[in-house]
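> what's the 3D shape of this:
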Amino acid sequence: MTAVDGRSVIVTGAGSGIGRAAALAFAAQGDRVVVADLNADTAGAVVTEIEEAGGTAVAVVGDLSDQAVVDEVARTAVESFGGVDVLVNNAGIMDRMSALADVSDTEWERVLRVNLTAPFLLTRAVLPHMLKAGRGAIVNTASEAGLRGSAAGAAYTASKHGVVGLTKNLAVMYRKQGIRANAIAPGGTLTGIVLDADQTAHGPATLGAHFVNAGALAQPEEQAAVIVFLASDAASNINGAVLPVDDGWAAV
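Numbers count the residues shown, from 1 in each chain. Purely as a prediction, here's the structure:
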């Protein structure tokens, strides 16, 4: 599972949770990390933590659903570290567990923009650099909600099913160019995401019973370990996979 020393790695949503754990794990094995996050304080804290441990990192702050921020992330990786070897599309937001009839235009458009359009934009931005190098690994954070219809509201479920489809299409389209695309599908994980939902509304009330067999909550480091593996040479023949990291929830 040893990484190539000094790879250039972009991790989005790297200021907290799974993204932070992944950024620290990549840096610990010698990779240089672009810490991309919406929050300047948390992104800076992760960069400091990496540097104090002897690693190399740089922060880019902004909303990844904004093309200008996406361009800055890609440009920073190329200018600071010479290219892009690994892209981890991890940043995401939760919906309100809303059933479709209750989803507002604002909720739908924001969740799809952050969870699906932003990974598309950033992947599109880094692909020319990976194609030029003839290699690259992309790891997307999907979700149990990308595998089933009972893990979240309509907007989040649609966005994560989209991430799964994007991952598989990337794998097929670019495997002959040395680029691999895989995804993890986390179950419940102890992160800082706050669920803003009316538990008496139709969506949350309907979904509640489906979490009985959801399995144990994971630590962010458990998700990060799988991300790092999928980006490594040890996973060189894994392409187009969507790997549940969910204590067996997907098997129930």
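
> what's the burial count for the nearest residue to residue 208 once chain neighbours are set aside?
In space, residue 208 comes closest to residue 199 once its chain neighbours are excluded; the distance is 7.7 Å by CB to CB, 6 or more residues apart in numbering. C-beta: built from backbone N, CA, C; applies to glycine. Residues lying near residue 199 (other CB atoms under 10 Å) number 11.

> is residue 199 part of a helix or strand, or is it coil?
Using DSSP: H, G, I helix; E, B strand; the rest coil, the structure places residue 199 in coil.

> that one is in contact with residue 96, isn't it?
No. With contact defined as CB atoms under 8 Å, residue 199 does not count as touching residue 96 (10.5 Å).

> who are the contact partners of the spatially most central residue of the chain?
Nearest to the mean C-alpha position of the chain, counting by CA atoms, centre = their mean, stands residue 90 at 1.6 Å. Shown in contact with residue 90 (CB atoms under 8 Å, 6 or more residues apart in numbering): 11, 12, 13, 14, 18, 19, 22, 140, 141, 227.

> now secondary structure too, for the residues you listed, in CSV please.
Formatted as CSV, the contacts of residue 90 follow (three-state DSSP):
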residue, secondary structure
11, strand
12, strand
13, coil
14, coil
18, helix
19, helix
22, helix
140, strand
141, strand
227, helix
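
> what is the most widely separated pair among these?
Farthest-apart pair in these is 14 and 140; separation 14.4 Å (CB to CB).

> give me the more crowded residue out of these two.
Set side by side, residue 14 and residue 140 show more neighbours around residue 14, with 32 against 28, by other CB under 10 Å.

> my guess is the more buried one contacts residue 37, does it?
Yes. When contacts are counted by CB under 8 Å, residue 14 is listed as touching residue 37 (5.3 Å).

> anything in contact with each of those two?
Shared contacts of residue 14 and residue 37 (CB under 8 Å, 6+ apart): 43, 46.

> over to the closest residue to residue 113 other than its chain neighbours. Which of the three states is it?
Leaving aside its sequence neighbours, residue 113 sits nearest to residue 65 (CB to CB, 6+ apart; 4.3 Å). Recorded secondary structure, residue 65: coil (three-state DSSP).

> tell me the contacts of residue 65?
Contacts of residue 65 by CB under 8 Å, 6+ apart are 113, 114, 117, 118, 121.

> got the CA coordinates for stretch 243-252 in PDB?
Output of stretch 243-252 as PDB, limited to C-alpha atoms (Å, rounded to 0.1, in the frame of the first residue of the first chain):
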ATOM      1  CA  LEU A 243     -16.800   0.200  -2.200                       C
ATOM      2  CA  PRO A 244     -19.200   0.300   0.700                       C
ATOM      3  CA  VAL A 245     -17.500   1.300   4.000                       C
ATOM      4  CA  ASP A 246     -20.500   0.800   6.200                       C
ATOM      5  CA  ASP A 247     -20.100  -2.200   8.600                       C
ATOM      6  CA  GLY A 248     -22.200  -4.300   6.300                       C
ATOM      7  CA  TRP A 249     -25.200  -2.000   5.900                       C
ATOM      8  CA  ALA A 250     -25.100  -2.500   2.100                       C
ATOM      9  CA  ALA A 251     -25.300  -6.300   2.700                       C
ATOM     10  CA  VAL A 252     -28.500  -6.200   4.800                       C
END
